[in-house]
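*Asks:* Pasting the sequence and the predicted model now:
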Amino acid sequence: MKSDRPAAPQLTYRERIPAAPHLTPSGNCSDCGVPHVLAGEGCYKVCPKCYCVLWHYDWFGKEKKLEEARRKQLEKTDKERRAAKLAELTKKKEESEKKPEEPPPKPDSVL
Ligand SMILES: [Zn+2]
């Protein structure tokens with residue numbers, strides 16, 4: 001039996017791509033072994049031989065910390081606002097409960 005479908009394409013495999021150079025604990029390029037240089041006002045650590053960016057400043061981490069601080073501040077102010085509102089409501093409730101007990105002032109005694 002002959003099939004009308006075209007033959008399945010041959011699978012091709014590429015060689016595994018080596019990992020990018022990285023910063024070693026001693027501060028050298030993992031591929032070249034030379035010490036890094038600072039670039040971009042200290043935001044980047046670059047290999048002077050292969051020009052690979054070995055490290056960069058964590059801008060997202062800084063933004064995350066700022067966002068966390070803002071959220072905590074908002075939660076704190078929200079708690080304070082709720083506590084103030086609750087205190088106000090309880091005070092009003094106590095005042096409204098006291099009112100019926102107080103006798104109304106007699107107009108005769110004033111005169
Ligand atoms: Zn390098």
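*Replies:* Right, received. Where do you want to start? This is a predicted model, so every value here is computed, not measured.

*Asks:* helices and strands of the chain: which one bottoms out on pLDDT?
*Replies:* helix 107-110 (a mean of 63; mean pLDDT, DSSP states H and E).

*Asks:* in the host helix or strand of Lys91, what counts as buried?
*Replies:* Taking DSSP states H and E as the criterion, Lys91 maps to helix 59-98. Buried positions in helix 59-98, judged by neighbour count with 16 or more other CB atoms under 10 Å: none. No exception for glycine: its C-beta is placed from N, CA and C like everyone else's.

*Asks:* Which pLDDT value does the model give the residue nearest the centre of the chain?
*Replies:* In the chain, the centroid-proximal residue (CA atoms, centre = their mean) is Lys64; its distance is 3.0 Å. Listed pLDDT for Lys64 reads 89.

*Asks:* residues in contact with it?
*Replies:* For Lys64, the contact set (CB atoms under 8 Å, 6 or more residues apart in numbering) is empty.

*Asks:* swap in Tyr51?
*Replies:* Contacts of Tyr51 by CB under 8 Å, 6+ apart: none found.

*Asks:* That one and Val37: what is the separation?
*Replies:* Using CB to CB, to the nearest Å, Tyr51 is found at 10 Å from Val37.

*Asks:* Show me which residues of this structure are close to the ion?
*Replies:* Pro21, Cys29, Asp31, Cys32, Cys47, Lys49, Cys50 (CB under 5 Å from the ion).
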